[in-house]
Every structure is written in structure tokens, then in C-alpha cells.
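1. please work out how this folds:
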Amino acid sequence: MKLSLLFVVPLLLSVSAQAQEPIKNAENVATVRASKENTTTVVAEDFKDDWAALSHYRKENAALAPPKAGENRVVFLGSSIFEFWKTTVPEFFEGKPYLDRGISGQISPQLLIRFRQDVISLKPKAVIILAGSNDIAGNTGHVTNESIMNNIATMAELARLHHIKVILCEYLPVNEFPWHKGLEPAPKIISLNKLIKAYALANNFTLLDYFSPLVDEHNGQKAEFTKDGVHPNKEGYKIMAGVTEAAIKKALTNPN
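-> Numbering: from 1, shown residues only. This is a model prediction of the structure:
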């Protein structure tokens, strides 16, 4: 009997020690269970809390070197219009200190959440803020032009606080969203653009007009410049490139 106790006590101590060792995360739990079955289980990281998709550009930002002396770095912050630009016309960004930080489908509060990581921390000389279309399209619910403008204004004020030149965009014309028809977005975009223009003028921010050179007689995009009525084609991006370069030059020479 004494022999049995000598054997059981160390065994209990060993089990107790293992029970007290914390399992740090769910991935560890899955690994422990899988090891018992001699199988390998890959557990994907859970990004449900990353509503603004901060993970999208995190690695790319971490690998980015600080701006060189005299470098006029410019961040393009927006949604699919900007994200598709670098894949449709990649040569526009080649050899230039331009950083495209567009994420398809994003609404203005998501851009605001990303602003520190994807703009301020990259230390640009200027930021181009293109926001509002997905809000109006009802991608995640009903959003007013006032709330869109508040988010744009907050981003602009953060940029000015960090000595980053601000370029605000009058949004591209859209007469119909293919994925959410019947919203009649044209008058809402025109109304939002008026708010953006008034705010830019009142605060001496550079205004970048994407609306006027692309609009047709129905307040949508000219057919020759778009692939779906919302996103530009190569010819549309060429038009955008011209007015964008002019706005960047103006912003960088703006003393405010």
C-alpha cells in the first residue's frame, strides 16, 4: 500500500501542474486536441473585431521605410475607386511617392478608424480623402450626408494637426449602384459634394473635383469612362490622374 501511494502522489502532482499551465488562446486549444489524435489542424486567426480592416495594410505599412528627405509622400485614402486604380492602371503609381490605401466597400467611419495607421503613421506630406459613395449606397445601413461630412471633417482636422496637407474630393458621379438599385444616389452625391466643397473652402483645404470631368447628362458617369457606372475604366482613371496631379501640386504649395 505504501508503494502505491509513492507512485500516485507524483502522478497527481504532475497532472496538477499541467492543469495550472494556462492555455493562451483558442489556437493552442485546437493544437492540443489535435495532437492527441495525431492530426494537424490549422486554425485561422479571428478578425471579427477588425471591422475597419486595419489588418489589410498592416504588414505593408510595417515594411515601408520612412519618407526620404524631400520626399513628397501622398496617401490615397478611400474605398474601391482607389483600390482598383492601382490594379487597373498600376503605372500611375510606379516611381512616385504615392501610397494607395483604398479598401473596397468601406464607408467613411471605417476610413476614420484607419486614419492613424494608414495615414498619420506613414508620415505623408499630403492625404487625398475620397469618401461617401458606399455610405450613400447603403452598404451597411442608412447614413446621412451630415454623418459622412462629420467623418471627413474629423479626418481633415487630424491631418492638419499632424501637419499633413489635406485634399478633399468631390465624389465621382453615380446614377445607379448595380448592387443596390433604386436608391437614386445622384442628388445625394451632388448634395454631399456641395458640403465637401463648402468645408474645403472654409478651411483652406485643396479641393479635388472628380465629379465635373466624368459626369453625363443624367448625373451619372460618362459611358466611355466607366465599366459599371460606378468604377472608372482605364480612360476614366486617366482623367482622374490629370486632375489628381494638379491637386497634389496645389496642395503641396499651399502655405496652410
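2. where does pLDDT dip in the protein?
-> In the predicted model, the chain carries pLDDT under 70 at residues 1-43, 45-47, 142.
3. pull the number of nearby residues for N139.
-> 17 (other CB atoms under 10 Å). Where you see a C-beta, it was placed from the backbone N, CA and C, and this is true even at glycine.
4. and what of H162?
-> Counted with other CB under 10 Å, H162 comes out at 15.
5. one more: E245?
-> The burial count for E245: 13, using other CB under 10 Å.
6. ok, it to A126 distance?
-> 12 Å (CB to CB, to the nearest Å).
7. helices or strands next to the helix or strand hosting A246 in the packing?
-> For A246, the host element (DSSP states H and E) is helix 234-252. Under the contact criterion of 3 or more CB pairs under 8 Å, 6 or more residues apart in numbering; DSSP states H and E, helix 234-252 touches helix 80-88, strand 126-129, strand 165-170, strand 206-209.
8. can you list the ones you listed in JSON lines and add mean neighbour count?
-> Output for the helices and strands packed on helix 234-252, formatted as JSON lines (neighbours: other CB atoms under 10 Å):
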{"stretch": "helix 80-88", "mean neighbour count": "18"}
{"stretch": "strand 126-129", "mean neighbour count": "26"}
{"stretch": "strand 165-170", "mean neighbour count": "25"}
{"stretch": "strand 206-209", "mean neighbour count": "20"}
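9. can you say which of these is nearest to N256?
-> Among these, strand 165-170 comes nearest to N256, with 8.5 Å by CB to CB.
10. all helices for this structure, in order.
-> 2-20, 26-36, 58-62, 80-88, 108-118, 133-136, 145-161, 185-202, 234-252 (DSSP state H).
11. tell me which of these sits most buried.
-> Of all these, helix 133-136 carries the top mean neighbour count, a mean of 26, counting by mean count of other CB atoms under 10 Å.
12. just to revisit the earlier point, redo the helices of the chain as TSV? Include distance to T226.
-> Below are the helices of the chain laid out as TSV (distance: least, CB to CB, whole Å):
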stretch	distance to T226
helix 2-20	63
helix 26-36	44
helix 58-62	28
helix 80-88	11
helix 108-118	22
helix 133-136	13
helix 145-161	22
helix 185-202	14
helix 234-252	6
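13. closest to A69 out of these?
-> Nearest of the helices of the chain to A69, taken as CB to CB: helix 234-252 at 15.3 Å.
14. report the angle between the closest one and strand 165-170.
-> On the basis of axes from the mean of the first three to the mean of the last three CA atoms, to 10 degrees, helix 234-252 is oriented at 140 degrees to strand 165-170.
15. JSON lines for the helices and strands packed on helix 234-252, including distance to P67?
-> Listed next are these as JSON lines, based on distance: least, CB to CB, whole Å:
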{"stretch": "helix 80-88", "distance to P67": "19"}
{"stretch": "strand 126-129", "distance to P67": "12"}
{"stretch": "strand 165-170", "distance to P67": "13"}
{"stretch": "strand 206-209", "distance to P67": "19"}
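16. from K48, how far off is the closest residue to N134 other than its chain neighbours?
-> Nearest residue to N134 in three dimensions, chain neighbours excluded: I107, at 4.8 Å (CB to CB, 6 or more residues apart in numbering). Taking CB to CB as the measure, I107 falls 17 Å from K48.
17. of those two, give the one with the bigger neighbour count.
-> More crowded of I107 and K48, by other CB under 10 Å: I107, with 24 against 5.
18. so the more buried one sits right up against S147, yeah?
-> No: assessed by CB atoms under 8 Å, I107 is found out of contact with S147, at 9.7 Å.
19. what is in contact with those two at once?
-> Common contact partners of I107 and S147 (CB atoms under 8 Å, 6 or more residues apart in numbering): D135.
20. for the residue nearest to N134, give me its contacts.
-> Per CB under 8 Å, 6+ apart, neighbours of I107: S79, A131, N134, D135, N139, T140, V143.
21. phi, psi for it please.
-> phi -100, psi 170 (degrees, to the nearest 10).
22. ok, and the closest non-adjacent residue to P187?
-> Spatial nearest neighbour of P187, chain neighbours left out: N219 (7.5 Å); criterion: CB to CB, 6+ apart.
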